[in-house]
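Novice: when you get a sec, could you give me coordinates for this:
(2 chains)
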Number of protein chains: 2
Amino acid sequence: MSQLAALDAADPLAPARARFALPPGVVYLDGNSLGPLPAALPERLAHTLAHEWGKGLIRSWNDAGWIDLPVTLGAAIAPIVGAEPDSVVACDSVSLNLFKLASAALAMRAGRTTVLMEASDFPTDAYVMQGLAGLAGVTLKRVPRAELVAALDDDVALMLLTHAHYVSAQLHDMAAMSEAAHQAGALTLWDLSHSAGALVVNLDADGADFAVGCGYKFLNGGPGAPAFAYLARRHWEAAQPALTGWMGHARPFDFAADYAPAAGARRLLTGTPPILAMRALEAGVATFDGIDLAQAEAKSRQLVQLFAAGAATLPGVRVDASPQGRHGAHVIIRHAAARRVMTALIARGVIGDMRPPDAMRFGFPALTTRFADVGLALTAIEQVLASGEWQDERFAPKGVVS
Amino acid sequence: MSQLAALDAADPLAPARARFALPPGVVYLDGNSLGPLPAALPERLAHTLAHEWGKGLIRSWNDAGWIDLPVTLGAAIAPIVGAEPDSVVACDSVSLNLFKLASAALAMRAGRTTVLMEASDFPTDAYVMQGLAGLAGVTLKRVPRAELVAALDDDVALMLLTHAHYVSAQLHDMAAMSEAAHQAGALTLWDLSHSAGALVVNLDADGADFAVGCGYKFLNGGPGAPAFAYLARRHWEAAQPALTGWMGHARPFDFAADYAPAAGARRLLTGTPPILAMRALEAGVATFDGIDLAQAEAKSRQLVQLFAAGAATLPGVRVDASPQGRHGAHVIIRHAAARRVMTALIARGVIGDMRPPDAMRFGFPALTTRFADVGLALTAIEQVLASGEWQDERFAPKGVVS
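Specialist: As a prediction, the model looks like this:
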């Protein structure tokens, strides 16, 4: 038995793969961008369509629990990110939840006019903050990772950080950075897009103030799944987002003239919850039932390290220096013709994604990735490079999503 | 043949009802709150799950057209609201789209500090404006319908109006009100929640600047379906919403550091589009294929008037004065014990909804409502009132959604 086969045979998480409907012949290393289909979902969603919507119609807002799905689903996500159940709601997108929580932070630190973030973080986080900054009359300050703590002066209202970086997979020390922000009088907003469901996350214990996370990556909630938002208990009363819709109202069905926030994280809701998408996310979150996230994190780390070590030996391939200690569940390898190489790999059924110009990103979610996949992926990359097939016209760049 | 049966037999829209999976034995008069299940959707969504997500995985963002769904679906909605295809996108919720467009309007009318709206409009519209007003330092002014035009002074940046009122079903004259706003130098934002799909709407021809509409009412997109947003062509360059996410970026997959708006209405997008919900909305919108909206509006008006005339003869029931001329596709009837009466009606399979304290609302979408339903509903109301069964303990108020 090869080393990889032995690791699979000994893997306590191996049975979790059966919770998904993965296509045969595919080595899927992009669960960090879109988690695969939970096997239980088609039947569940067919029931939602036929019985809850089709037969129940409007009655299902009460009878099928639709109206409470943002909070019941939030409570199901909460243990995955180390939060108490009532501090998390599922709703809207990462972008919109960032706006909500950042606007609340600005109001709680009136007089301070800076939002601090890391310069290289995922673009939508910066775009959202640019939009908010323009409206609220504050300034967005972006600095390299190493300068974040020094930039925490007494004008910083909020520090927005991505827990696991979308390219480097580097982790911030949530407890230490939260403490540094608090000592400067600032609040912290954590983007968990690349850590929720991949790593141990302890929002409550690590002193996070606010957080958002993605439903369609490691949580397996489906393409464009609703996101989630976290509001620490100590801010339940004080936090008031500027996106104030009826579902965040204390008594939405009183149809009162003026806004009054609901208790706790429920005030983060805005419009009517998208039930079909919520049911899909519910099935995705259920794939974590009984999963030990420390075990999942350790497995993903081992997968990343085995893959990175193998890729580093391939011609023309450069592997970014592996972060020391804990890191996210994906890794970047670089090649001058990365886009063509990735296209050729996908044609062979080995699926990762691209971050231009030269980065190929591969993700190793613990629930769906086998150790054998590392070997299959490395062999495919080796063959694509050795054969020169990536130079073929059919692998020229096309399509919008890279 | 009774009068109602004759009307059904002569109704050119009668065949459209077969486009829906309506439960037997139910008289569904709440399509104005949640449209029924399109019959084609379960198979369509099963395909999206199994093939697009399950097998296609991340590749479906290109191969299945996911990435463009907000604009292709927007283009499909556009003719229903009298807009050119590229002026409409499907995304987020009504609440969030109101925020986006109102924030754009404020920036386009810098120096003006008033948002004007009708005092009795649907609460979420006011809540959203209250949140925006607090952040942007402007004032929300709410006046009765008759005072709107007089309130259009030179401090008004934006007038937000609901086209068909959610209670009274009264219509604003879109062309006249837009003209009045423009003469005062203000912009107009139309909430089409209770008109899109029910009535003839002519956004382009009537001079609307911005509009939002609901996907889950008359458009039959499913519970909490994505909403839509309209941006008139003459504002494509100038309008810049403050909710700026990566999907509204000119080149989202360049991962550029700074936000740059996409061309046209695409800049109204924010986060990653919810594909499962979009597919459902697509099926809902497709139920309008080949439908003449003038015919649909006329049929709904006839249904409303027949129902209102019958209800007015029932003991203890008061029918709000029917608006003259054109009006929305629903009607309110009032009874002192409205909530209990409605609960008893629902138990009999006649489904409307409640607007507290004393209003029962019944909707008559042309695609799904038969003239016979008017008779069945009136008979049921008469029986509930005559029997006194609404006083039974089992019809006492419960549940969150009324």
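Novice: not counting sequence-adjacent ones, nearest residue to residue A:301?
Specialist: residue A:327 (6.8 Å; CB to CB, 6 or more residues apart in numbering or on different chains). To be clear about C-beta, it is placed using only N, CA and C from the backbone, and glycine gets the same treatment.
Novice: now do the one you found, the pLDDT please.
Specialist: The model reports residue A:327 with a pLDDT of 94.
Novice: then the one 4 residues further on?
Specialist: Listed pLDDT for residue A:331 reads 96.
Novice: ok, residue A:243 next?
Specialist: 96.
Novice: wait, isn't the residue nearest to residue A:301 in contact with residue A:164?
Specialist: Yes - counting by CB atoms under 8 Å, residue A:164 is a contact partner of residue A:327 at 7.1 Å.
Novice: any buried residues in the longest strand along chain A, and which?
Specialist: Identified as the longest strand of chain A according to DSSP state E is strand A:156-162. Along strand A:156-162, these residues count as buried under the neighbour rule (16 or more other CB atoms under 10 Å in any protein chain shown): A:156-162.
Novice: looking at residue A:327 and residue A:164, which one has more neighbours?
Specialist: Shown here are residue A:327 and residue A:164; by other CB atoms under 10 Å in any protein chain shown, residue A:164 has more neighbours (25 against 22).
Novice: how much space between the more buried one and residue B:192?
Specialist: From residue A:164 over to residue B:192 the distance is 41 Å, taken as CB to CB, to the nearest Å.
Novice: give me the number of residues near the nearest residue to residue A:18 once chain neighbours are set aside?
Specialist: Spatially, and ignoring its direct neighbours in sequence, residue A:18 is nearest to residue A:39 (7.2 Å; CB to CB, 6+ apart). Applying other CB under 10 Å, we find 16 residues neighbouring residue A:39.
Novice: let me see the ranges of the helices in the stretch 101-250 of chain A.
Specialist: Taking DSSP state H, counting those that start in this stretch as the test, the helices found in the stretch 101-250 of chain A are A:123-136, A:174-183.
Novice: same for the longest one, what does it pack against?
Specialist: With contacts defined as 3 or more CB pairs under 8 Å, 6 or more residues apart in numbering or on different chains; DSSP states H and E, the secondary structure elements packing on helix A:123-136 are helix A:94-108, strand A:114-118, strand A:139-143, strand A:156-162, helix B:123-136.
Novice: tell me the most buried of the ones you listed?
Specialist: Stretch with highest mean neighbour count among those: helix A:94-108 (a mean of 26; mean count of other CB atoms under 10 Å in any protein chain shown).
Novice: ok and it relative to helix B:94-108, angle-wise?
Specialist: With axes from the mean of the first three to the mean of the last three CA atoms, to 10 degrees applied, the angle from helix A:94-108 to helix B:94-108 works out at 60 degrees.
Novice: just the CA atoms of helix A:94-108, as PDB, please.
Specialist: Written as PDB, here are the backbone C-alpha positions of helix A:94-108 (Å, rounded to 0.1, in the frame of the first residue of the first chain):
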ATOM      1  CA  VAL A  94     -20.400  38.400   2.600                       C
ATOM      2  CA  SER A  95     -20.200  41.800   0.900                       C
ATOM      3  CA  LEU A  96     -23.400  43.000   2.300                       C
ATOM      4  CA  ASN A  97     -22.800  41.600   5.800                       C
ATOM      5  CA  LEU A  98     -19.400  43.400   5.800                       C
ATOM      6  CA  PHE A  99     -21.200  46.700   5.100                       C
ATOM      7  CA  LYS A 100     -23.700  46.100   7.800                       C
ATOM      8  CA  LEU A 101     -21.200  45.300  10.500                       C
ATOM      9  CA  ALA A 102     -18.700  48.000   9.500                       C
ATOM     10  CA  SER A 103     -21.500  50.600   9.500                       C
ATOM     11  CA  ALA A 104     -22.400  49.500  13.000                       C
ATOM     12  CA  ALA A 105     -18.800  49.700  14.100                       C
ATOM     13  CA  LEU A 106     -18.400  53.200  12.800                       C
ATOM     14  CA  ALA A 107     -21.500  54.300  14.700                       C
ATOM     15  CA  MET A 108     -20.100  52.700  17.900                       C
END
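Novice: and that helix, what does it pack against?
Specialist: Helix A:94-108 packs on helix A:123-136, strand A:156-162, strand A:187-191, strand A:210-213, strand A:227-231, going by 3+ CB pairs under 8 Å, 6+ apart.
Novice: any chance of the ones you listed in JSON lines, with distance to residue B:110 and mean pLDDT too?
Specialist: Shown next, in JSON lines, are those (distance: least, CB to CB, whole Å; pLDDT from 0 to 100):
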{"stretch": "helix A:123-136", "distance to residue B:110": "11", "mean pLDDT": "95"}
{"stretch": "strand A:156-162", "distance to residue B:110": "24", "mean pLDDT": "98"}
{"stretch": "strand A:187-191", "distance to residue B:110": "28", "mean pLDDT": "98"}
{"stretch": "strand A:210-213", "distance to residue B:110": "30", "mean pLDDT": "98"}
{"stretch": "strand A:227-231", "distance to residue B:110": "31", "mean pLDDT": "98"}
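Novice: could you dump the ones you listed into TSV and include distance to residue B:348?
Specialist: As requested, the helices and strands packed on helix A:94-108 are exported to TSV (distance: least, CB to CB, whole Å):
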stretch	distance to residue B:348
helix A:123-136	49
strand A:156-162	54
strand A:187-191	50
strand A:210-213	45
strand A:227-231	40
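Novice: state the distance from residue A:139 to chain B.
Specialist: Residue A:139 sits 14 Å away from chain B, going by CB to the nearest CB, to the nearest Å.
Novice: cool, residue A:262 as well?
Specialist: When distance is defined by CB to the nearest CB, residue A:262 is 11 Å away from chain B.
Novice: who are the contact partners of the closest residue to that residue other than its chain neighbours?
Specialist: For residue A:262, ignoring the flanking residues on the chain, the nearest one in space by CB to CB, 6+ apart is residue A:250 at 4.9 Å. Taking CB atoms under 8 Å, 6 or more residues apart in numbering or on different chains, we find residue A:250 in contact with A:260-263.
Novice: so residue A:50 is in contact with residue B:42, correct?
Specialist: Yes - taking CB under 8 Å as the definition, residue A:50 is a contact partner of residue B:42 at 6.4 Å.
Novice: of the two, who's got more company?
Specialist: With neighbours defined as other CB under 10 Å, residue A:50 and residue B:42 compare such that residue B:42 has more, 19 against 16.
Novice: so that one, which of the three states?
Specialist: At residue B:42 the chain is in helix, as set by DSSP: H, G, I helix; E, B strand; the rest coil.
Novice: just give me the neighbour total for the closest residue to it other than its chain neighbours.
Specialist: Excluding the flanking residues, the one nearest residue B:42 by CB to CB, 6+ apart is residue A:49, at 5.0 Å. Residues near residue A:49, counting by other CB under 10 Å, number 22.
Novice: quick check on residue A:49: phi, psi?
Specialist: Main-chain torsions, residue A:49, degrees, to the nearest 10: phi -70, psi -60.
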